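Participant: below: sequence and its predicted model.
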Amino acid sequence: MNSQQNPNPNLAAPCGFYCGTCSHYLARAKGKLLKKKLKHGCKGCREQDKKCAGVKRDCVLLRKHQITFCFECDDFPCENLKKLDARHVRDDGISMISNLKRIQEIGAEQWLAEQAALWHCAECGGQVCVMNGECYDCGMS
């Protein structure tokens, strides 16, 4: 997806992660599972539903679809989200808590458009992985 297309709403994870930058999502979406040595890849946290690797499996409100994003919870940010956020800040240089505040401020659709524009390849306009900086369209790093 380039920034001119409508963003996929399923790529805005409940925890504030942009699934469009995940290596497991990109490998599946770009048909590169074998090349990346992955069995299944991922369709995105919302598509995975209760199998979400992050906060959702531990959150009753998310599991029961009582909230859409973590910021809707009275306990935002909870300890689970803080731990996940700290890992992504350390490993990937992104903050889910900051992302969630931005989603709350401007809405998911606009945030998704911002993320798609932010994580595009300067060479080909394709999608760049937040985890390794690789473009899954042209291979540039």
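Facilitator: Sure, I can see it.

Participant: for residue 12, grab phi and psi.
Facilitator: phi -100, psi 100 (degrees, to the nearest 10).

Participant: now do the contacts for it.
Facilitator: Residues near residue 12 by Cβ atoms under 8 Å, 6 or more residues apart in numbering: 18, 19, 46, 69, 103, 108, 111, 112. Every residue, glycine included, has its C-beta placed from N, CA and C.

Participant: got a list of what residue 24 touches?
Facilitator: Contact partners of residue 24, counting by Cβ under 8 Å, 6+ apart, are 38, 41, 42.

Participant: can you classify the last one by secondary structure?
Facilitator: Translated: residue 42. With DSSP: H, G, I helix; E, B strand; the rest coil as the basis, residue 42 sits in coil.

Participant: ok, back up a step: dump the contacts of residue 12 into CSV; add neighbour count as well.
Facilitator: Putting these into CSV (neighbours: other Cβ atoms under 10 Å) gives the following:
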residue, neighbour count
18, 23
19, 24
46, 17
69, 18
103, 23
108, 16
111, 20
112, 22
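
Participant: by pLDDT, give me the weakest of the residues you listed.
Facilitator: Least confident of these in the model: residue 46, at 81.

Participant: how far off centre is the helix or strand hosting that residue?
Facilitator: Assigned by DSSP states H and E, residue 46 belongs to helix 45-48. Computed by Cα atoms, centre = their mean, to the nearest Å, the chain-centroid distance of helix 45-48 equals 10 Å.

Participant: ok, back up a step: out of the contacts of residue 24, grab the one that's most surrounded.
Facilitator: Using other Cβ atoms under 10 Å as the neighbour criterion, residue 42 leads those with 20 neighbours.

Participant: which residue packs closest to that one, ignoring adjacent ones?
Facilitator: residue 24 (4.0 Å; Cβ to Cβ, 6 or more residues apart in numbering).

Participant: distance check, the one you found against residue 132.
Facilitator: To residue 132, residue 24 is 12 Å away according to Cβ to Cβ, to the nearest Å.

Participant: where does the residue nearest to residue 42 fall, secondary structure wise?
Facilitator: Using DSSP H and E, the element containing residue 24 is helix 23-29.

Participant: this protein: helices as residue ranges?
Facilitator: Residue ranges of the helices in the chain, as given by DSSP state H, are 23-29, 45-48, 60-63, 79-92, 96-106, 108-118.
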